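**Q** Need the 3D shape of this:
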Amino acid sequence: RYQHTAALRAKLQELYSPATANKFLCALRRTLKHAWRLGLMSAEDYQRAADLESVKGSTLPAGRGLTPGEISALMADCAADESAAGVRDAAIIALMYAAGPRRDEVVKLDLKDYDLDTGTLKILHAKRNKQREVYLDNGAADAMADWLSVRGSKPGPLFVAINKGGKIDPRYKQLTSQAIFNMLAKRARNASVKSFSPHD
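**A** Below you'll find the model as predicted:
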């Protein structure tokens, strides 16, 4: 009955974050629907019991923001690396800092998605199939220009794998999401930056 589900909602709101409480409420509504389908409750009782507002509220996002000093330390580590990986990693870090794409979006970028003249980057493979354009300027645009001068104009992924000899893999292999994670962890260690997630 409604008095039971309303009491459950109040208890969930008291004990859990809004997102978690709403997951429980969603499960409760589905259970009520199945009870109605099985003939265990009338349609009117189902409608009343399931008529619950979602729990409102928000929490601070997880993670932390990197300081300008930490970004500078990461970029200095990339600059000290004279291989193609140093230039590529600097471009990836600058892009992630300036435009905020997820690492999965970064690895799916193609060379044709970036316009060097305008600094326009089309992110075509974003979460929930949403597409967007971002604009790189200042240091991010400079880092990308440096990378493209090393990468060349061969069609394929924007960011490609670098072999153990520090050269671009001739097959222009696409990076993996895990490779981005590992690269950021390595650069953080080298630059003595407190560990962070790619989302940070």
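**Q** measure Gln3 to Val150 for me?
**A** As defined by C-beta to C-beta, to the nearest Å, Gln3 lies at a distance of 68 Å from Val150. Yep, even glycine has a C-beta here, placed from its N, CA and C like the rest.
**Q** Between the two, tell me which one has more neighbours.
**A** Val150 (16 against 9; other C-beta atoms under 10 Å).
**Q** give me phi/psi at that one?
**A** When read as degrees, to the nearest 10, the backbone of Val150 gives phi -80, psi -40.
**Q** cool, Asp115 as well?
**A** Dihedral angles (degrees, to the nearest 10) for Asp115: phi -100, psi 110.
**Q** got the contact list for it?
**A** Leu121 (C-beta atoms under 8 Å, 6 or more residues apart in numbering).
**Q** what's the nearest residue to Ser58 if we skip its chain neighbours?
**A** Pro18 (6.7 Å; C-beta to C-beta, 6 or more residues apart in numbering).
**Q** And Ser42, by the same measure?
**A** Trp36 (7.6 Å).
**Q** Packing partners of the one helix or strand that neighbour maps to?
**A** Element membership of Trp36, judged by DSSP states H and E, is helix 18-37. Packing partners of helix 18-37 (3 or more C-beta pairs under 8 Å, 6 or more residues apart in numbering; DSSP states H and E): helix 2-15, helix 43-50.
**Q** Now tabulate the ones you listed in TSV and tack on distance to Ala90 and mean pLDDT.
**A** Listed next are the helices and strands packed on helix 18-37 as TSV, based on distance: least, C-beta to C-beta, whole Å; pLDDT from 0 to 100:
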stretch	distance to Ala90	mean pLDDT
helix 2-15	46	93
helix 43-50	53	94
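**Q** How about Asp115: which residues does it bridge to?
**A** Thr120 (DSSP bridges).
**Q** So that it lines up with my notes, have the first residue be 618 from now on.
**A** All set: I'll call the first residue 618, so the last point we hit is now Asp732.
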